[in-house]
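*Asks:* Sequence isn't available, so here's the structure alone:
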């Protein structure tokens, strides 16, 4: 069992999800070993909701990290489509997540989103 997924599940308990009651947590570990937690934060205007992965990546970005600086992202649930794009743009080589059946999945961001949109050139 992934200790990072378990820590993501603990972070999920801090989520603010009054509308869906679907709590999600994430842990970002950078290539130099620093870690950032994230949890989903809902808003009554649903498009403004922030996913756990985005809050954790945003915390890493605020600390000065950039795409290519993340070693692994662990999530308490399978990432949504939008977060798969975030994981791809941040060039995350390993994503660990809890599947609906309780097992842990491991994939690269490219495997989770094989035909992504990218800037030309």
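*Replies:* Here it is on my side, so go on. Given the structure is predicted, the values throughout are model-derived calculations rather than measurements.
*Asks:* Strands of this structure, start to end?
*Replies:* Under the criterion DSSP state E, strands of the chain are mapped to 25-30, 35-39, 70-75, 95-98, 104-107.
*Asks:* Format the ones you listed as JSON lines; extra columns: distance to residue 14.
*Replies:* For every residue, glycine as well, the C-beta is placed using N, CA and C. Below are the strands of the chain laid out as JSON lines (distance: least, Cβ to Cβ, whole Å):
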{"stretch": "strand 25-30", "distance to residue 14": "7"}
{"stretch": "strand 35-39", "distance to residue 14": "5"}
{"stretch": "strand 70-75", "distance to residue 14": "14"}
{"stretch": "strand 95-98", "distance to residue 14": "16"}
{"stretch": "strand 104-107", "distance to residue 14": "21"}
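*Asks:* For residue 104, grab the count of nearby residues.
*Replies:* 14 (other Cβ atoms under 10 Å).
*Asks:* got a list of what it touches?
*Replies:* 1-2, 5, 96-98 (Cβ atoms under 8 Å, 6 or more residues apart in numbering).
*Asks:* How about residue 71?
*Replies:* 29-31, 93-94 are the contacts of residue 71 under Cβ under 8 Å, 6+ apart.
*Asks:* how about a cut-off of 6 Å?
*Replies:* With contact set as Cβ atoms under 6 Å, 6 or more residues apart in numbering, residue 71 has these partners: 29, 31.
*Asks:* Please report the distance of residue 79 from residue 40.
*Replies:* Distance, residue 79 to residue 40, by Cβ to Cβ, to the nearest Å: 11 Å.
*Asks:* now do residue 93
*Replies:* Distance from residue 93 to residue 40, by Cβ to Cβ: 23 Å.
*Asks:* out of the two, which sits in the busier spot?
*Replies:* A direct count of neighbours by other Cβ under 10 Å for residue 93 and residue 40 places residue 40 higher, at 26 against 15.
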